[in-house]
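In: Here is the input, now give the coordinates:
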Amino acid sequence: MAAPAPKTGSAVPDVLAPGLGCVFCGINPGRVSAAAAAHFANPRNDFWRLLHDAGFTPRLFAPHEQFELLQLGIGVTNAAYRTTAGSGDLRRGDFDPGRLVRIASELAPGAIALVGKEAYRGLFGERPELGPQLRTIGGTGETGLFVLPSTSPANAAVPYAERLRWFRELRTWSEPEQRDAVRAAVLDEERRVLLVEYVDPGGDRWWGTPGGGKEPGETDEAALRRELLEETGLAEFEVGPLAWERTTRYAWNRRLFVQQNRTYVVRIREHAPAPTIDLESEGVAGSRWWRLEELEAAVVTVPRSVLERLRTLLA
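Out: Numbering: from 1, shown residues only. Below you'll find the predicted structure:
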């Protein structure tokens, strides 16, 4: 059993760890949960039964066993920390969307499932539909969001079978699709790196190395030449050594992916980047050359591991 999480100012501790597959985010602690220091502790709340019936847990867990969920790649937190008799007693200031963003950025869960539309609306100021959302969080589109119906007894008007259907939808959706990709660390004679700006359908923006998914039967070199030509117009170059490999999880257009990236060094004298296809549908907004000191000083988002490796290459 994992050790309890550090105190957070809530009567119910967060059940969190790095790299979880899915974090369930309730609205806030009710009085029964606060007294038990456990999530969804009201015996009339269907959360634990739904979790088991949907296939997330091999048996029916009790609320006091909440930290054992970590061994299954599952976490639990709340959108608001203040204990109330009902979620209707919460104020806008009780919700802190920045905290959920920090959870996504620092712990990189594959998905966050908000248990109840009010959890999503309190955090983001929008009333969502149930299911996967276009919005992603984490700075580089790494964590997808899914909205579930509330499991509270106050939501008894929604039949158990309907709530179970959405939990099972989440179970299927949260298993990411596998993708194989190649990328390039393009460096010029002025010790600059060529990066492209990605924009996901939810509006998040970040800068990364050019490249993308391989097509069936493509070699790494063929895929890299196709991607660099499409995204930057670069055609004349030699593919250098493999610089690094990394596996990333990310959300895109309401889908989750696990992508195996292989990044190769490409050294050129100079090049004025210009795409050869319309990249809007690919989620690419543009490209430009960056000096390392510019990247580190600018208010732009670059995946941390990529920035560290670029720093080593340019050194």
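In: Just the buried positions in the lengthiest strand in the chain, please.
Out: For the chain, the strand that runs over the most residues, judged by DSSP state E, is strand 255-267. Residues 256, 257, 259, 261, 262, 263, 264, 265, 266 are the ones in strand 255-267 that count as buried (16 or more other Cβ atoms under 10 Å). (C-beta placed from N, C-alpha, C; glycine too.)
In: my guess is the last one contacts residue 236, does it?
Out: So that's residue 266. No: taking contacts as Cβ atoms under 8 Å, residue 266 lies outside contact range of residue 236: 10.7 Å.
In: Now do stretch 11-24, average pLDDT.
Out: If you average the pLDDT over stretch 11-24, you get 96.
In: Return the set of buried residues in that stretch.
Out: Neighbour counts over stretch 11-24 (16+ other Cβ under 10 Å) mark 11, 12, 13, 14, 15, 16, 17, 20, 21, 22, 23, 24 as buried.
In: Make a markdown table from those residues and add distance to residue 120 and secondary structure to it.
Out: Below are those laid out as a markdown table (distance: Cβ to Cβ, whole Å; DSSP: H, G, I helix; E, B strand; the rest coil):
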| residue | distance to residue 120 | secondary structure |
| --- | --- | --- |
| 11 | 22 | coil |
| 12 | 19 | coil |
| 13 | 22 | coil |
| 14 | 18 | coil |
| 15 | 20 | strand |
| 16 | 19 | coil |
| 17 | 23 | coil |
| 20 | 19 | coil |
| 21 | 20 | coil |
| 22 | 15 | strand |
| 23 | 14 | strand |
| 24 | 13 | strand |
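In: Which of those sits closest to residue 162?
Out: Residue 162 lies nearest to residue 24 out of those, by Cβ to Cβ, at 17.9 Å.
In: so the closest one bridges to which residues?
Out: In this entry, residue 24 is beta-bridged to residue 76, residue 113, by DSSP bridges.
In: Quick check: it touching residue 79?
Out: No: look at residue 24 against residue 79 with Cβ under 8 Å: they stay out of range, at 10.9 Å.
In: Pull the number of nearby residues for residue 178.
Out: Residues near residue 178, counting by other Cβ atoms under 10 Å, number 9.
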